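**Student:** structure, please.
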Amino acid sequence: MSNSSTVTCSFTMDRDTYNEYKSTIVRKGENVKGNLINHMLKVINDSKPNAETIAAIKEAEQIVDDPNVPAYSNVDDLREALEC
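**Tutor:** I've put the predicted structure just below:
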């Protein structure tokens, strides 16, 4: 009976590509399965914003919602405001 919290992955690929990949991974002291799992986790983690990014997004949203913060519809208006 299989565990419902795991999945078996199976795919077909070019043998030469696989062999070259496996050779590269083995030279690094890794194995194919572990390397693929680590790559998947990295992809997942890299797609999530970190705390600094979340804070910057919240700050930007607050600035947009603040009626006291001037808004500019074009670069010329912004330049003019900065030259004052």
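**Student:** using CSV, list the CA coordinates for stretch 76-84.
**Tutor:** Output of stretch 76-84 as CSV, limited to C-alpha atoms (Å, rounded to 0.1, in the frame of the first residue of the first chain):
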residue,chain,number,x,y,z
ASP,A,76,8.2,65.3,-17.2
ASP,A,77,5.9,66.1,-14.3
LEU,A,78,8.1,64.2,-11.9
ARG,A,79,11.2,65.9,-13.1
GLU,A,80,9.5,69.3,-12.7
ALA,A,81,8.5,68.4,-9.1
LEU,A,82,12.1,67.3,-8.3
GLU,A,83,13.6,70.5,-9.6
CYS,A,84,11.6,72.7,-7.1
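**Student:** list the buried ones in that stretch?
**Tutor:** When burial is assessed from 16 or more other C-beta atoms under 10 Å, stretch 76-84 yields no buried residues. (C-beta placed from N, C-alpha, C; glycine too.)
**Student:** starting at the chain centroid, how far to it?
**Tutor:** Relative to the centre of its chain, stretch 76-84 is centred 36 Å away, using C-alpha atoms, centre = their mean, to the nearest Å.
**Student:** contact partners of it?
**Tutor:** 70, 72 (C-beta atoms under 8 Å, 6 or more residues apart in numbering).
**Student:** just the helices from this protein, written as ranges.
**Tutor:** With helices called from DSSP state H, the chain shows them at 15-27, 32-46, 51-65, 75-83.
**Student:** would you put the C-alpha positions of the third one in CSV?
**Tutor:** Extracted C-alpha coordinates of helix 51-65, given in CSV (Å, rounded to 0.1, in the frame of the first residue of the first chain):
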residue,chain,number,x,y,z
ALA,A,51,10.3,39.0,4.3
GLU,A,52,12.1,42.1,2.8
THR,A,53,10.1,41.8,-0.4
ILE,A,54,6.8,41.4,1.5
ALA,A,55,7.6,44.5,3.5
ALA,A,56,8.4,46.5,0.4
ILE,A,57,5.2,45.4,-1.2
LYS,A,58,3.2,46.5,1.9
GLU,A,59,5.0,49.8,1.9
ALA,A,60,4.3,50.4,-1.8
GLU,A,61,0.6,49.6,-1.2
GLN,A,62,0.5,52.1,1.7
ILE,A,63,2.1,54.8,-0.5
VAL,A,64,-0.4,54.2,-3.3
ASP,A,65,-3.3,54.4,-0.8
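**Student:** kind regards, and thank you for your time.
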